[in-house]
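> With the sequence up front, the predicted model follows.
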Amino acid sequence: MFTQVDNLSFSFETKTEMISKNFLVIGDISFDKDELIFKVLPNKDELSFLFNVEIISNVQIYAGNYVVNIITKSMPTILSWLIGICFFPFGFITFFFAYNKSQKISDAIKLMRW
């Protein structure tokens, strides 16, 4: 429902430990430089029962750098929909938590320093 697309690039010399350290705010990552696989498992927060977060990534090599496209999808769960419908219009405030999570991940990616 709420989708954010972010791009970041880093050089071939960047160590995997530094990449993992930068992504601690978002979640656990695994990055295989040989097969160009970049997986992110998002951290759970106290309100994660109201929404599901899915992070899809794509890695390409361009001009001596790795270019990673990160797509963050944050979708309200059935519980969030039920609360929204039963307590209309105030119940749809629960959707704000899903939107806020995708914004936080996007902001954290934009603030990363290499």
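Cool, the structure landed.

> Where in this protein is the helix or strand with the lowest mean pLDDT?
helix 16-22 (a mean of 75; mean pLDDT, DSSP states H and E).

> Show me what counts as buried in that one.
Applying a neighbour-count criterion of 16 or more other CB atoms under 10 Å, one finds I19, N22 buried in helix 16-22. No exception for glycine: its C-beta is placed from N, CA and C like everyone else's.

> following it, which helix or strand shows up next?
Counting by DSSP states H and E, the next helix or strand C-terminal to helix 16-22 is strand 27-32.

> what lines up beside the helix or strand just after that following strand in the sheet?
Downstream of strand 27-32, the next assigned helix or strand under DSSP H and E is strand 37-42. Applying DSSP bridges, strand 37-42 is found paired with strand 27-32 (antiparallel).

> which parts of the partner strand are buried?
Applying 16+ other CB under 10 Å to strand 27-32 flags G27, I29, F31 as buried.

> chain center to the helix or strand encompassing G84, what's the gap?
If you go by DSSP H and E, G84 is part of helix 78-86. Averaging C-alpha positions (CA atoms, centre = their mean, to the nearest Å) puts helix 78-86 24 Å from its chain's average.

> Which other helices and strands does that helix contact?
Counting contacts by 3 or more CB pairs under 8 Å, 6 or more residues apart in numbering; DSSP states H and E, helix 78-86 packs against helix 94-110.

> Mind doing that once more with 10 Å?
strand 51-62, strand 65-76, helix 94-110 (3 or more CB pairs under 10 Å, 6 or more residues apart in numbering; DSSP states H and E).

> okay, these in JSON lines with mean neighbour count, distance to K39 and mean pLDDT next?
Below are these laid out as JSON lines (neighbours: other CB atoms under 10 Å; distance: least, CB to CB, whole Å; pLDDT from 0 to 100):
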{"stretch": "strand 51-62", "mean neighbour count": "15", "distance to K39": "7", "mean pLDDT": "84"}
{"stretch": "strand 65-76", "mean neighbour count": "18", "distance to K39": "11", "mean pLDDT": "87"}
{"stretch": "helix 94-110", "mean neighbour count": "18", "distance to K39": "15", "mean pLDDT": "88"}
